[in-house]
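Peer 1: this is the structure alone, sequence omitted:
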């Protein structure tokens, strides 16, 4: 700590885009992660906590230019050792790239298939914005080493169970399932084959469906459009008929033949799957995708997951480029008020799908895998917006200090309260000004204050103040019902715990 | 994922000095952190999770040389913005420096005193060695904004409660308390004043007491010594008498006058405090330190924390340089076998003390603070070494797949098991080779396998295999007692859950 005293004081600030979390923000997240881990564990998934730091080489996606790493990750170069240049290391930006590294590294010791869950912070070196942080939590479950659609169906079922376990009621969420192969089939059938130079542009346009909607995609696939700022965005110049067919698929507006198998697949799934079957025509890969969705729908229906919880939906397009088969997205369907007081749907809280290329990077062998990532902070925000959890945490019982020489007696009181599993603390600031002690209790959101000075000790008594009732009385001084209720009680010292307990129980 | 295919494959390796944690390693740590948080919370401490990334400036201790940061932290420079040079950022190396930053930043919104706990990984950019990792967990509790010894006593009491809560029995741990001011008093009294040029060397030498022992310190304070490698270490050249007095203090060998107050302080504390009083002579700061220890001892005795749990001990010297008042260290007193089969004491699992300069760096105002840091990974290692927790986690019940067309039926079985709160999964690998499925169950450490093929489905039955009993029978094939016990049962499909539950209960 010996430092040059002339140096300016450091600024007490979190770096831009980072924040601290206090009290209930932390404990509620911990509790939610525990609940989620409980569901994952019951499904047979094993915990994994991989290193937060990876070699840039293993993360793969972001490699260093010459001397400085790319944007996107926080990276640094290790010091040289002798004439060996230091490795580039980076903070993980998601949980999937590290999983691929872990599986490749430990594959001889891990069971196959390997079901694992993991939760923790990830870091993105992006421009921070309002509500956008550079460190946030992810909570993932993945099954590595099986191509079976049963694994994908299981992930979706588990996601539904998880959302209900953390407090999202059935009916307040919907898990939508699509398959990247179906989209490829639609493009094949529309005459845009996988080596067609227009295909990447078409894919990128489809990815914008969530943002620009039906009309927007139609325009972008054909002649282009004028965006909100007035700028002209070039179109892909597809024939209207081809573009129309793609949009029909995305919006599921094509009229299906009478769907069969509706009992096995669920009525709505059966109709949508029939519609997809039409949209892919004779495309081999497209039909493979529809078959996969059919298998998933059948498994989920058999397990009692109806289309009110998990449903086939061709409009799930976000992030399709990343995945190789089924893709899932969970959204909350209730409305909340946004910061401007407008009603809006809460939207997506989890997403995932099947990806087959990640482990191959390391081993050369294809290892199929599928998984889900839950945005824990968004889910917490949703529960708070719905009023299902409060972000105000009740504070501890505060034992005030009237006589600083009796500290041991006050400590004995808090010890008794804690032993009765009541959160309690003694006031440790300067006890001179008693008003400051009550202000402190107020700031701590304490439900009860305990007061004992010389008179009380002599008489073997304590004063117990119901702070929540006291605050209500202060706010509503005229209300008859509270006028006769005292908010402060004198009880025998031996009854301290019982009386505090009674007040706390009454406050609930 | 589109990459140049000619690039060599990345290595699937954690960076040097980092590791991954699997299964029970993760869940047991999570459980321990939850238990610790429960005790801290009951004591009135509030959760805090600060950003893992700080500006190097705020961390303070390690500032970048010219272009590259010092050793010790993982640090990197942000990209320039316009002509503004990017900030240097770093991963936190402990929880105390970030607490000082958080308190300085949010002091107007936080209660004073502010009791907070925090748990999470910290990172050190050090040369990794066996058992020494560059990422590890810390679990801290601190009280900021009070100079009262009641805060220090509370921290020690809470630490004792915490150790017992996680499974360290009373008698298996000892919290030793010293005070840096006493040491300063001893040096004052020995004629080595605070501006004496020999003082820093004397302090550094005393810090080595844990390593080199009584004889070593005596030699280093006088003429020097020859270390294990044969190298000559220069001594501080104190007079023998002065050095002897310091060593007497460290080893508490001076004979105290008859200790009074033994009832209030605890017999052993009273004797040691009297010995310290002698060792500091008329030194003002020394007597201040002894007074502080006396206050702590009195508070702890009054709360029933005897010297079998928390004891004054002048030999606690580690890290004294960092602290400004009381210092604490918790050690486990039981013996374990080390990697070479030799018995040794487990040693330290937590340490802390009072420090007053950290917040001042930011605000200029002195803010007294005291706290403790628990080494969670060491504590877990201790419990494992004692056999109090197992590092083998029981796996899930595995429902095997005899007929891949009946996947929905198998899924229904696992769903029933999970709904009964039994951890269960269906086999998702290639079901062709049934032997592989049982090998998988073995690797998963599954207690039970469920088996159903066409015959069973036709008859409305399932086979249930007790894998743990089966393994025992296989190991002890001659044992009469197991000969008549079947390890596989055929039960009605409706009795699946009840039978699995009965087997699991019997295995406990």
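Peer 2: Received, thanks. Note that the structure is a prediction, hence the values are computed from the model and not measured.
Peer 1: wait, doesn't residue A:467 sit right on residue A:450?
Peer 2: No: the pair residue A:467 / residue A:450 is not scored as a contact, 10.8 Å apart, by C-beta atoms under 8 Å. The way it works is simple: take the backbone N, C-alpha and C, and place the C-beta from them, glycine included.
Peer 1: what about the residue in the stretch 351-500 of chain A that chain B sits nearest to, how many neighbours?
Peer 2: Across the stretch 351-500 of chain A, the shortest distance to chain B (C-beta to the nearest C-beta) belongs to residue A:425, at 2.9 Å. Neighbours of residue A:425 under the rule other C-beta atoms under 10 Å in any protein chain shown: 25.
Peer 1: mind listing what it touches?
Peer 2: By C-beta atoms under 8 Å, 6 or more residues apart in numbering or on different chains, residue A:425 lies in contact with A:396-399, A:414, B:43-44, B:115.
Peer 1: what does residue A:47 give?
Peer 2: Listed by C-beta under 8 Å, 6+ apart, the contact set of residue A:47 reads A:37, A:41, A:116-118, B:21-27, B:30.
Peer 1: quick check: the gap between it and residue A:36.
Peer 2: Taking C-beta to C-beta, to the nearest Å as the criterion, residue A:47 is separated from residue A:36 by 11 Å.
Peer 1: anything in contact with each of these two?
Peer 2: Joint contacts of residue A:47 and residue A:36 (C-beta under 8 Å, 6+ apart) are residue A:117.
Peer 1: my read is the residue of the stretch 351-500 of chain A closest to chain B is in a strand, agree?
Peer 2: Yes: under DSSP: H, G, I helix; E, B strand; the rest coil, residue A:425 sits within a strand.
Peer 1: look at it and report its pLDDT.
Peer 2: On pLDDT, residue A:425 comes in at 95.
Peer 1: before we move on, what about residue A:229?
Peer 2: 84.
Peer 1: highest neighbour count among the contacts of residue A:47?
Peer 2: The residue in the contacts of residue A:47 with the most neighbours, by other C-beta under 10 Å, is residue A:118 (27 neighbours).
Peer 1: show me the contacts for it.
Peer 2: When contacts are counted by C-beta under 8 Å, 6+ apart, residue A:118 is found next to A:47-50, A:95, A:99, A:139-140.
Peer 1: what's the answer for residue A:222, then?
Peer 2: The neighbours of residue A:222, taking C-beta under 8 Å, 6+ apart as the test, are A:235-240, A:243.
Peer 1: wait, which of those residues is closest to chain B?
Peer 2: Using C-beta to the nearest C-beta, those come closest to chain B at residue A:236, 19.8 Å.
Peer 1: wait, isn't the closest one in contact with residue A:200?
Peer 2: No: using C-beta under 8 Å, residue A:236 is not in contact with residue A:200, being 9.8 Å away.
Peer 1: looking at the two, which is more packed in?
Peer 2: More crowded of residue A:236 and residue A:200, by other C-beta under 10 Å: residue A:236, with 19 against 12.
Peer 1: gap between that one and residue A:186?
Peer 2: Using C-beta to C-beta, residue A:236 is found at 15 Å from residue A:186.
Peer 1: go on, residue A:156?
Peer 2: From residue A:156 over to residue A:186 the distance is 22 Å, taken as C-beta to C-beta.
Peer 1: quick check: the residue of the stretch 201-350 of chain A nearest chain B.
Peer 2: Counting by C-beta to the nearest C-beta, the stretch 201-350 of chain A gets nearest chain B through residue A:302, at 3.3 Å.
Peer 1: low-confidence ranges in chain A?
Peer 2: Counting by pLDDT under 70, chain A shows low-confidence ranges at A:1-7, A:61-71, A:253-261, A:318-321, A:391, A:477-485, A:508.
Peer 1: am I right that residue A:15 is in contact with residue B:56?
Peer 2: No: with contacts counted by C-beta under 8 Å, residue A:15 stays clear of residue B:56, the gap being 9.8 Å.
Peer 1: what about the strands in the stretch 301-450 of chain A?
Peer 2: Counting by DSSP state E, counting those that start in this stretch, the segments of the stretch 301-450 of chain A that form strands are A:310-312, A:326-337, A:343-355, A:369-374, A:397-399, A:424-426, A:448-451.
Peer 1: what lies in contact with the first one?
Peer 2: Which is strand A:310-312. Under C-beta under 8 Å, 6+ apart, the answer for strand A:310-312 is A:156-157, A:160, A:174-178, A:266, A:268-269, A:272-273, A:276, A:293, A:296-297, A:300.
Peer 1: and chain B, which of these reach it?
Peer 2: When C-beta under 8 Å from any C-beta of the partner chain is applied, the members of the contacts of strand A:310-312 adjacent to chain B are residue A:157.
Peer 1: mind checking which of the contacts of strand A:310-312 are in helices?
Peer 2: Among the contacts of strand A:310-312, the residues falling in helices (DSSP state H) are A:156-157, A:160, A:268-269, A:272-273, A:276, A:293, A:296-297, A:300.
Peer 1: mind checking how far the residue of chain A most remote from its centre is from residue A:465?
Peer 2: Going by C-alpha atoms, centre = their mean, the residue of chain A most distant from its centre is residue A:458, 55.5 Å out. Separation of residue A:458 from residue A:465 (C-beta to C-beta): 20 Å.
Peer 1: with residue A:298 instead?
Peer 2: Plainly put, residue A:298 is 63 Å away from residue A:465 if you go by C-beta to C-beta.
Peer 1: then residue A:81?
Peer 2: 64 Å.
Peer 1: ok, now residue A:78?
Peer 2: In this view, residue A:78 and residue A:465 are 58 Å apart by C-beta to C-beta.
Peer 1: kindly report the same for residue A:361.
Peer 2: Distance, residue A:361 to residue A:465, using C-beta to C-beta: 64 Å.
Peer 1: ok so, going back, so between residue A:78 and residue A:465, which is more surrounded?
Peer 2: Per other C-beta under 10 Å, whichever of residue A:78 and residue A:465 has more neighbours is residue A:465, with 21 against 16.
Peer 1: so which elements touch the one helix or strand the more buried one maps to?
Peer 2: For residue A:465, the host element (DSSP states H and E) is strand A:461-466. Counting contacts by 3 or more C-beta pairs under 8 Å, 6 or more residues apart in numbering or on different chains; DSSP states H and E, strand A:461-466 packs against strand A:448-451, helix A:454-459, strand A:488-492, helix A:496-507.
Peer 1: next structured bit after that strand?
Peer 2: Assigned by DSSP H and E, the successor of strand A:461-466 is helix A:467-475.
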